[in-house]
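In: no sequence on this one, just coordinates:
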């Protein structure tokens, strides 16, 4: 009977040990899977944050390149405005004198147009008899606005950007 009792209790203990071991393995693998899922979620969140940062960096680089292109275009526009047609040309004294006059007139044209139009607009507003609905007044206002914005604004942005 002791032998039978030993066999039964030993077998029961083995079965309980096997069940406990299987239970520990099951809960351990569940915990491991849960940790793996959390790790993947964190990696995905980190990738999203990196993508958002990369997008912001790209937008800032594009904005900086656009600003640089606008500045370079404006510089080129001002440089072109001051170029001389007589530079590098072999001209006779009569031609040189004529080209200098052309350069002076060409160089003064935009500022003169701007100043004259601004003066005319000031005169229109000073006059109480000026009809604001008049086509002449509308045209002068249009020309003045275009002239001032073009003269003081960025004239070569699209060209510098390659558009």
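Out: Done, it's in. The shown structure was predicted, so the numbers you read here are calculated from the model rather than taken from an experiment. Residues are numbered from 1 along each chain as shown.
In: Let me see the mean pLDDT of the strand or helix carrying residue 136.
Out: Assessed by DSSP states H and E, residue 136 sits inside helix 135-152. Per-region confidence: helix 135-152 scores 76 on mean pLDDT.
In: Check stretch 17-37 too.
Out: Mean pLDDT, computed over stretch 17-37, is 87.
In: Use 39 as the first number from now on
Out: Got it, the first residue is 39 from now on, which makes the last one we talked about stretch 55-75.
In: Distance from the chain centre to it, please.
Out: Computed by Cα atoms, centre = their mean, to the nearest Å, the chain-centroid distance of stretch 55-75 equals 52 Å.
In: ok, the residue positioned nearest the centre of the chain to residue 91 distance?
Out: The residue lying closest to the centre of the chain (Cα atoms, centre = their mean) is residue 101, at 2.9 Å. Here residue 101 is placed at a distance of 16 Å from residue 91 (Cβ to Cβ, to the nearest Å). For glycine as for every other residue, the C-beta is placed from the backbone atoms N, C-alpha and C.
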